[in-house]
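Chemist: give me coordinates for this.
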Amino acid sequence: MTTETSRNATETARSPARRADEALRPPVDVFEDAEGITIEADMPGVSKDRLHVQVDANTLLIEGEVQIELPEAAEALYADVRSTRYSRSFTLSNELMTDQIDASLKDGVLRLHIPKHPEQRPRRIEVRAA
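Modeler: Reported below is the predicted structural model:
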């Protein structure tokens with residue numbers, strides 16, 4: 001069996017429901033500083049109204065859908081990307097204040113800043129002379 005035949009057999013064996021559930025994992029950068037963490041996810045083609053960010057307990061879920069608009073009567077014959085959905089989830093630490101997440105989307109990059117609880121932030125301790 002050739003590689004091409006094997007690939008076609010595998011694709012045929014997949015159910016339509018499974019193909020619909022497939023999603024791309026957007027690449028992310030995670031930065032931590034004294035104030036909290038910042039997550040930057042690359043999600044090109046996702047608009048604000050097709051973006052879903054949710055926190056449930058200590059799980060952060062990021063989902064987005066790309067809307068590819070083709071001119072009327074045009075049909076795509078080939079595409080490098082098989083899915084138009086992005087999905088990624090993260091388990092968050094209890095030291096983060098998930099009720100104060102700041103989210104912004106600019107040029108296809110989703111930026112989330114999650115602050116730390118004040119008692120988890122480093123603080124300077126004054127030393128008195130004895």
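
Chemist: what's the closest non-adjacent residue to residue 67?
Modeler: Excluding its sequence neighbours, the residue lying closest to residue 67 (C-beta to C-beta, 6 or more residues apart in numbering) is residue 50, at 6.1 Å. To be clear about C-beta, it is placed using only N, CA and C from the backbone, and glycine gets the same treatment.

Chemist: which of the helices or strands spans that neighbour?
Modeler: Secondary-structure assignment from DSSP states H and E places residue 50 in strand 46-56.

Chemist: chain center to that strand, what's the gap?
Modeler: Per C-alpha atoms, centre = their mean, to the nearest Å, the displacement of strand 46-56 from the mean C-alpha position of its chain is 9 Å.

Chemist: rewinding a little: residue contacts, the residue nearest to residue 67?
Modeler: For residue 50, the contacting residues are 64, 65, 66, 67, taking C-beta atoms under 8 Å, 6 or more residues apart in numbering as the criterion.

Chemist: from the residues you listed, which land in strands?
Modeler: Here DSSP state E is the test, and the contacts of residue 50 give 64, 65, 66 as lying in strands.

Chemist: ok, back up a step: what is the nearest of the contacts of residue 50 to residue 104?
Modeler: If you rank the contacts of residue 50 by distance to residue 104 using C-beta to C-beta, residue 64 comes first, at 13.8 Å.

Chemist: for burial, what's the neighbour tally of that closest one?
Modeler: Other residues near residue 64 number 26, with proximity taken as other C-beta atoms under 10 Å.

Chemist: could you list the low-pLDDT ranges of the protein?
Modeler: Scanning the chain for pLDDT under 70 picks out the ranges 1-21, 79-83.

Chemist: again, only this time at 50
Modeler: Of all residues in the chain, those with pLDDT under 50 make up the ranges 1-20.

Chemist: mind listing the helices for the chain?
Modeler: If DSSP state H is used as the criterion, the helices of the chain fall at 3-13, 16-21.

Chemist: residue 104 contacts residue 111, correct?
Modeler: Yes - using C-beta atoms under 8 Å, residue 104 is in contact with residue 111, at 5.0 Å.

Chemist: show me which of the two is the more surrounded one.
Modeler: Neighbour count, other C-beta under 10 Å: between residue 104 and residue 111, residue 111 has more, with 14 against 10.
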